[in-house]
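K.L.:
got a sequence here, can you model it:
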Amino acid sequence: MIYITSASLVLFAYLTGSISSAILVCRLFGRADPRSEGSGNPGTTNVMRLHGKKAAALVLAGDILKGVIPVLLARILGGTELIIALCGLAAFLGHLLPIFFNFKGGKGVATLIGILFATHYLFGLAFVISWLFFALLFRYSSLAALIAAVLTPLYSWLILEDSRVFICHSLMVILLIWRHQSNIRKLIAGTEDKIGSA
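P.N.:
Here you go, the predicted model:
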């Protein structure tokens, strides 16, 4: 029975992560699918550039909650640290590869933040503080997110010293870097938009 419950929690996490906040918010506002405009990414930044701060705020909140809800549910139902970590990973995969939207999802930063806060509030605080520091230092949101993400497994190990959480967080970081390939190329070429420039 415990295996069925654990598997159900992980499946629920993936399905929750597969709900695209950006696409749903744009439909709510009667706007075009964000995958067909701007950068083509169904995420907060693209929605803000296309449709403004109000829509972007809703997308950000939705993407964070997609990470928070499955992880908190697993914790409330008494899941082990492994199951909790797997639920976080599943929710993250759902955001990147959503089954409801032809596996074309976002880049994962907001959902990762939700997962981190729900796993341990210090994880979330460490990520946000790191992002703010590097965003102020370099003025590139994507670069700040990448650096904060790369530091996440280190924070995980220092705070919990749990190899299962460390591995799941490391996998999410690898996937996040993979989804930011276009940003990395722009950063190298010097064509990435700086914060406040667009």
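K.L.:
tell me how many other residues surround Ala90.
P.N.:
Using other CB atoms under 10 Å, Ala90 is surrounded by 25 other residues. Any C-beta I mention is one placed from the backbone N, CA and C, and that applies to glycine too.
K.L.:
give the contact list for it.
P.N.:
10-11, 13-14, 17, 70 (CB atoms under 8 Å, 6 or more residues apart in numbering).
K.L.:
Ala110 touches Asp63, doesn't it?
P.N.:
Yes: with contact defined as CB atoms under 8 Å, Ala110 reaches Asp63; the gap is 3.6 Å.
K.L.:
on that earlier part again, from the contacts of Ala90, keep the buried residues only.
P.N.:
10, 13-14, 17, 70 (16 or more other CB atoms under 10 Å).
K.L.:
can I get these in JSON lines with secondary structure?
P.N.:
Converted to JSON lines, the buried ones among the contacts of Ala90 look like this (DSSP: H, G, I helix; E, B strand; the rest coil):
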{"residue": "Val10", "secondary structure": "helix"}
{"residue": "Ala13", "secondary structure": "helix"}
{"residue": "Tyr14", "secondary structure": "helix"}
{"residue": "Gly17", "secondary structure": "helix"}
{"residue": "Pro70", "secondary structure": "helix"}
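K.L.:
can you tell me the closest non-neighbouring residue to Ala135?
P.N.:
Excluding the flanking residues, the one nearest Ala135 by CB to CB, 6 or more residues apart in numbering is Ala144, at 3.9 Å.
K.L.:
tell me the buried residues in the helix or strand hosting that neighbour?
P.N.:
Using DSSP states H and E, Ala144 sits in helix 141-160. Going by neighbour count (16+ other CB under 10 Å), the buried part of helix 141-160 is 141-149, 151-153, 155-156, 160.
K.L.:
how about stretch 168-187?
P.N.:
Judged by neighbour count using 16+ other CB under 10 Å, the buried positions of stretch 168-187 are 168-173, 175-177, 179-180, 183, 187.
K.L.:
what is the lowest-mean-pLDDT helix or strand in the chain packed up against?
P.N.:
Least confident helix or strand of the chain, by mean pLDDT, DSSP states H and E, is helix 44-51 with a mean of 85. Applying 3 or more CB pairs under 8 Å, 6 or more residues apart in numbering; DSSP states H and E, one finds that helix 44-51 contacts helix 21-28, helix 53-76.
K.L.:
export only the CA atoms of the helix or strand following the last one, formatted as PDB.
P.N.:
Stepping forward along the backbone from helix 53-76, the first helix or strand reached (DSSP H and E) is helix 81-96. These are the backbone C-alpha positions of helix 81-96, laid out as PDB (Å, rounded to 0.1, in the frame of the first residue of the first chain):
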ATOM      1  CA  GLU A  81      12.800  12.400   2.300                       C
ATOM      2  CA  LEU A  82      13.200  10.300  -0.800                       C
ATOM      3  CA  ILE A  83       9.500  10.500  -1.800                       C
ATOM      4  CA  ILE A  84       9.500  14.200  -1.000                       C
ATOM      5  CA  ALA A  85      12.500  14.800  -3.200                       C
ATOM      6  CA  LEU A  86      11.100  12.700  -6.000                       C
ATOM      7  CA  CYS A  87       7.900  14.700  -5.900                       C
ATOM      8  CA  GLY A  88       9.900  17.800  -6.300                       C
ATOM      9  CA  LEU A  89      11.800  16.300  -9.200                       C
ATOM     10  CA  ALA A  90       8.500  15.100 -10.800                       C
ATOM     11  CA  ALA A  91       6.800  18.500 -10.500                       C
ATOM     12  CA  PHE A  92       9.900  20.100 -12.100                       C
ATOM     13  CA  LEU A  93       9.800  17.500 -14.900                       C
ATOM     14  CA  GLY A  94       6.100  18.300 -15.400                       C
ATOM     15  CA  HIS A  95       6.900  22.000 -15.800                       C
ATOM     16  CA  LEU A  96       9.600  21.400 -18.300                       C
END
